[in-house]
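Colleague: any chance you could fold what I've pasted below:
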Amino acid sequence: MPLKHGGTAKDELAAVRVSHAPDYDRQWRLLTWVLLALDSLSVLGSLVIAYALRITSGLIAYHGPQQNPDVYRMLALISVPVWLALFAMVGLYKRDTLLGGVVEYQRVIRACTSGVMAFVVLSFMWRDVDISRGWLLISWVLSCGLVGLERFAVRHMAYALRSHGCFTARVLVVGANDQGIAIARQWSQSPTSGMQVVGFVDDFKPMGTPVVNNLKVIGRPTSLYELVRQTGANEVVVVPNAVAWETFEEIIAGANVQNGYTLRLSPGFYELLTTSVTVTNKTFVPLLKINETRLVGVDAVLKSLLDYGLGVLLLIAALPAMALIALGLKLNRRDKPVLVHHQTLGQSGSTFEMCKFNTRIESVSKLAGSSRAAIPIPLGVSRLERTLYRRGLDKLPQLFNVVRGQMSLVGPRPRVVEDKTDARAALNLQTVKPGMIGPWTLPGVCSSADETQDELYYVRNWTIWMDLYVVFQALRRGIATGWLARPAIVRTSARLAGVPAKSAKHSSVPLAPLGHERDRRELP
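Modeller: Residues are numbered from 1 along each chain as shown. Next up, the predicted model:
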């Protein structure tokens, strides 16, 4: 049965209330016109400011030949439509590229570079005019900066409007298996995704079956066109391994028909994979290349700049404190090592020795039945050791691991080699370096009750802004409360501490809830 003329779905949707969103296409057309206007002003402004800085202001010494302002005025006016055409050629007005963050900025730099190169070619062809090379260089820097800032402002304005339903596509997910559920959950957790799932379409589950986040199966794929029309869906996302092969063939066959919605295919391994993929073509055969690591290209460069740049500064600043802590620990316990080392899983399955100050509290972490349980503090632990543990200062030596390239400042929780829990998730988390801190150490960043899901969410949704936010909040919290303060250590009973009753007053327990930076999976 052809999908476009499939059976009615009115009865199936009788219990489904659909709130009609504002005109999705009209919003994107308006955004495109706004960007065209702002891009024009940014390009024109960068050329004019560059001329003023290089030629007329006197701020930069100019000893070249006398320049004709009319020539530069003409070049500026001609450049606007040329640069807008270059912006369009690199995809800066396509919906899938807009509001895309780093990828969008990369294309801005590429287009601005092409525009300046056009001026260079023109200077060779138009020999009667001597175009200032300083003006070209300043124009390139200013155009990249101004257009990038303008796009940044527009992106965040659009993200704010998405909380009111603007620039948000209504999506039907074809396939209500684990992959479809993971996709819907991912979009619901990310308010800036621009994707609002309105229902599931499935071959096997009965209509009305609850799936996730109060979403239900609202019909069969054979009624897809009617379901799209009645729900007002703008996009249809198909999970191929969640539908019958005949259904998948019909959906693909109808893709070249003007159905009024955008059809997208999910590879079907989203739940299994956290690394990025690259679409390649080999003799016109589309292929998905799975990258070995989550961060590649510019993302990897930005992550490295943050780790090495800020990591070195923090290490230099922390060296005096680390020396005092080491001296204090050595004076407290002359027979014990100051540092402890743990064989830890690194990126791509590598291993390294992670070092910490030896507080002896971590040695009893295995006694807790789960990471939610309280961990008893053994007798003889000094006040210094308790303070280091509670304030998180025992992790300061990990800065050496950061500058060695073994860890990141922000990343998933470090896991020791012996940890065999949830092997599939552990492999996915090894697509990035483990971190000293993470979003789960700060309230309000990750809200799931499942710590592993929070870690996977961080890896899949990584941006440099998320890392900067986590670092800023950690530093602010450290200044206010004394570094990454753990929950306060409280008194507990002798039975829980495993000590004689008369010694109970010397026993204490730190509360170690799920998701905190110290749990039994991190330490042996």
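Colleague: all helices for the stretch 201-350 of the chain, in order.
Modeller: Per DSSP state H, counting those that start in this stretch, the stretch 201-350 of the chain carries helices over the ranges 224-231, 245-253, 298-304, 311-332.
Colleague: can you check the stretch 401-524 of the chain too?
Modeller: So, for the stretch 401-524 of the chain - with DSSP H, counting those that start in this stretch - the helices run 423-429, 451-460, 464-481, 494-497.
Colleague: ok and the longest one relative to helix 311-332, angle-wise?
Modeller: Interaxial angle of helix 464-481 relative to helix 311-332 (axes from the mean of the first three to the mean of the last three Cα atoms, to 10 degrees): 40 degrees.
Colleague: show me what helix 464-481 is packed against.
Modeller: Helix 464-481 is packed against helix 298-304, strand 408-410, strand 435-437, with contacts defined by 3 or more Cβ pairs under 8 Å, 6 or more residues apart in numbering; DSSP states H and E. Every C-beta, even on glycine, is put in place using the N, C-alpha and C of the backbone.
Colleague: kindly recompute the last result at 6 Å.
Modeller: With contacts defined as 3 or more Cβ pairs under 6 Å, 6 or more residues apart in numbering; DSSP states H and E, helix 464-481 has no helix or strand neighbours.
Colleague: orientation of it relative to helix 451-460 in degrees?
Modeller: Orientation check (the same axes, to 10 degrees): helix 464-481 against helix 451-460 gives 130 degrees.
Colleague: keeping just the C-alphas, turn helix 464-481 into PDB.
Modeller: In PDB, the C-alpha atoms belonging to helix 464-481 read as follows (Å, rounded to 0.1, in the frame of the first residue of the first chain):
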ATOM      1  CA  ILE A 464      33.600  23.700  24.500                       C
ATOM      2  CA  TRP A 465      31.000  25.900  26.200                       C
ATOM      3  CA  MET A 466      29.900  23.000  28.400                       C
ATOM      4  CA  ASP A 467      33.500  22.500  29.500                       C
ATOM      5  CA  LEU A 468      34.100  26.200  30.100                       C
ATOM      6  CA  TYR A 469      30.800  26.300  32.100                       C
ATOM      7  CA  VAL A 470      31.800  23.300  34.300                       C
ATOM      8  CA  VAL A 471      35.300  24.800  34.900                       C
ATOM      9  CA  PHE A 472      33.900  28.200  35.800                       C
ATOM     10  CA  GLN A 473      31.300  26.700  38.100                       C
ATOM     11  CA  ALA A 474      34.000  24.500  39.800                       C
ATOM     12  CA  LEU A 475      36.300  27.500  40.300                       C
ATOM     13  CA  ARG A 476      33.500  29.600  41.700                       C
ATOM     14  CA  ARG A 477      32.400  26.800  44.000                       C
ATOM     15  CA  GLY A 478      36.000  26.200  45.000                       C
ATOM     16  CA  ILE A 479      36.400  29.900  46.000                       C
ATOM     17  CA  ALA A 480      33.200  29.900  47.900                       C
ATOM     18  CA  THR A 481      33.400  26.500  49.700                       C
END
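Colleague: what does it contact?
Modeller: With contacts defined as Cβ atoms under 6 Å, 6 or more residues apart in numbering, helix 464-481 is touched by L302, L306, V410, I437, P439, L442.
Colleague: gap between that helix and the chain center?
Modeller: Distance of helix 464-481 from the chain centroid (Cα atoms, centre = their mean, to the nearest Å) equals 16 Å.
Colleague: no more questions from me, cheers.
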